[in-house]
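1. Next input, structure requested:
(one chain, ligands or ions: 1)
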Amino acid sequence: MKLFASPASPFARKVRVALSEKRIDVEIVPVDVSSPDHLAMAHNPLGKIPVLLLDDGTAVYDSAVIVEYLDTVTPVGRLIPEDPRPRMLVKRWEALADGLMDAAVAVVMEGRRPVNEQSPAALERQRGKMRRALAQMAADLGERAYCFGESFTLADAAVVCALAYLDLRFPDWGWREEHPVLSRLADRMERRKSFEDTAPLPV
Ligand SMILES: N[C@@H](CCC(=O)N[C@@H](CS)C(=O)NCC(=O)O)C(=O)O
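-> Residues are numbered from 1 along each chain as shown. Model prediction:
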């Protein structure tokens, strides 16, 4: 299998964390999504990464579909509970984290446009999503050690990838001071091997 990914993508990192937790080896194909005819374009009409390319040529996207698929390939390091309600709650954490990543990526992209073409209203709309997502995460996490249940799940993987992306792209945001419970979660999780091995690189 091959994973089309970029070193800074939080969505790709979520998949790489899942691969590491589940002890699945894949070849990583680096992609520069800013290039109009980048390598993953042939496998995902949306032109987004990550894309997992199976050995039979099947392209799997997006990151939530990839992780859900990987979790069925081996029971090692189960990331998503099987029972309907816990499963839904873990997937809801992932949706919230993915939404935070979507908004953060949108702000980064808008910020790369010429200043006179940027929309302050669009930027504020996305920043509002980021603020509300962080507040909800902090409230739902409380003082617990994991986002869901008593052990590591996809919820932790997704949330901590989103938080690390904020550290990378929004170093002055102040989310750690605003939400110490999230800061402590990120610090604890970043010491796991799966996170150490997938630290984002500024590109
Ligand atoms: N919903 C997608 C989002 C992936 C995404 O937005 N990836 C970004 C990189 S972080 C990308 O490929 N952007 C290029 C583009 O939108 O053209 C997922 O979960 O995989």
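2. May I ask which helix or strand encompasses residue 35?
-> Using DSSP states H and E, residue 35 is not contained in any helix or strand.
3. so where does the residue nearest to residue 123 when sequence neighbours are not counted fall, helix or strand?
-> In this structure, residue 123 finds its nearest non-sequential neighbour in residue 110, 5.4 Å apart by Cβ to Cβ, 6 or more residues apart in numbering. Heads up, the C-betas are built off the backbone N, CA and C, glycines and all. Assessed by DSSP H and E, residue 110 sits inside helix 84-111.
4. ok, and does that helix reach over to the ligand?
-> Yes. Remark: helix 84-111 sits within contact range of the ligand at 98, 105, by Cβ under 6 Å from any ligand atom.
5. tell me what that helix is packed against?
-> Under the contact definition 3 or more Cβ pairs under 8 Å, 6 or more residues apart in numbering; DSSP states H and E, helix 84-111 sits against helix 10-21, helix 63-73, helix 120-141, helix 154-169.
6. Try it again at 6 Å.
-> The contact analysis (3 or more Cβ pairs under 6 Å, 6 or more residues apart in numbering; DSSP states H and E) places helix 84-111 against helix 120-141, helix 154-169.
7. From the contact counts, what lies against the shortest one?
-> What it means is helix 154-169. So helix 154-169, by 3+ Cβ pairs under 6 Å, 6+ apart, packs with helix 10-21, helix 84-111, helix 180-189.
8. just to revisit the earlier point, of the helices and strands packed on helix 84-111, which approaches residue 42 most closely?
-> helix 154-169 (25.5 Å; Cβ to Cβ).
9. Would you mark the buried spots in the closest one?
-> 154-166, 168-169 (16 or more other Cβ atoms under 10 Å).
10. pLDDT below threshold where in this structure?
-> 203 (pLDDT under 70).
11. Outline the domain layout of it.
-> 2-73, 84-192 (automatic domain parsing).
12. doesn't residue 125 make contact with the residue nearest to residue 123?
-> No. If you go by Cβ atoms under 6 Å, residue 110 and residue 125 don't touch, sitting 10.1 Å apart.
13. Looking at the buried residues of helix 154-169, spot the one nearest residue 43.
-> residue 161 (21.7 Å).
14. which residues sit in contact with that closest one?
-> Residue 161 makes contacts with 10, 13, 14, as judged by Cβ atoms under 6 Å, 6 or more residues apart in numbering.
15. which one among the residues you listed gets closest to residue 190?
-> Nearest member of those to residue 190, counting by Cβ to Cβ, is residue 13, at 11.4 Å.
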